[in-house]
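> kindly return the folded structure for what I paste below:
(one chain, ligands or ions: 1)
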Amino acid sequence: MNCNIFYRKIEYPRDTVILHQVGRGPWAPSMTPFAIKLESYLRLAKIPYQNVHDMKTSSKGKFPWIEYNGDIIADSQLCIEYLNKKLNIDINNHLTDEQRGIGRAFQKMFEENTYWALALYRWYYDADLKAIAAFKLPFS
Ligand SMILES: N[C@@H](CCC(=O)N[C@@H](CS)C(=O)NCC(=O)O)C(=O)O
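Sure thing, here's the model as predicted:
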């Protein structure tokens, strides 16, 4: 029996960011704001990318994460910083230092604080599991 199909490594195109994330939903492009952030960045920066909706988490147990020419990077912000450096991109280069600082402060507030309130509301208090069913998650 030929078992190669079970172990075959997927060959992705070169110079294309492979964005691993969860599937699309009916009302939002992703159920995770971090994937929406990263995909928005890829579109803004016009970086060629391909979505892989495989529900496979990164080494940190989370999504999104990317592969780029064999490199694997986890965490949306680290992905952006990696690509900025690799491709010499700065979509914020028109901002002053003060504006960058304000942006950073809002980012930290949303990602480390507001996010958790929304997650509690969306996933814990979602008594009828509507959101889970909408995204066709395996445990719905
Ligand atoms: N700092 C990470 C946060 C990613 C994150 O928290 N992703 C959540 C979805 S919104 C996740 O994968 N959670 C799965 C889990 O914690 O088991 C990033 O920016 O990528």
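
> so the helix or strand hosting residue 108, near the ligand or not?
Element membership for residue 108, per DSSP states H and E: helix 97-109. No - taking C-beta under 6 Å from any ligand atom as the criterion, helix 97-109 and the ligand are apart, separated by no less than 9.8 Å. (Glycine included, C-beta is placed from N, CA and C.)

> now do stretch 16-25
No - using C-beta under 6 Å from any ligand atom, stretch 16-25 stays clear of the ligand, coming no nearer than 7.9 Å.

> buried ones in that stretch?
Across stretch 16-25, burial judged by 16 or more other C-beta atoms under 10 Å covers 17, 18, 19, 20, 21, 22.

> which one of the residues you listed is nearest the ligand?
Nearest to the ligand out of those is residue 22 (C-beta to the nearest ligand atom; 7.9 Å).

> residue 20 is in contact with residue 59, isn't it?
No - between residue 20 and residue 59 there is no contact under C-beta atoms under 8 Å: 11.6 Å.

> what sits against the residue most central in space within the chain?
What sits nearest the mean C-alpha location of the chain, by C-alpha atoms, centre = their mean, is residue 35, with 2.6 Å. Neighbouring residues of residue 35 by C-beta atoms under 8 Å, 6 or more residues apart in numbering: 19, 21, 22, 29, 63, 64, 76.

> do the same with residue 115
Residue 115 touches residue 33, counting by C-beta under 8 Å, 6+ apart.

> the ligand contacts on the chain?
32, 34, 61, 62, 63, 64, 75, 76, 77.

> so residue 41 sits in a helix?
Yes - the assignment for residue 41 is a helix, going by DSSP: H, G, I helix; E, B strand; the rest coil.
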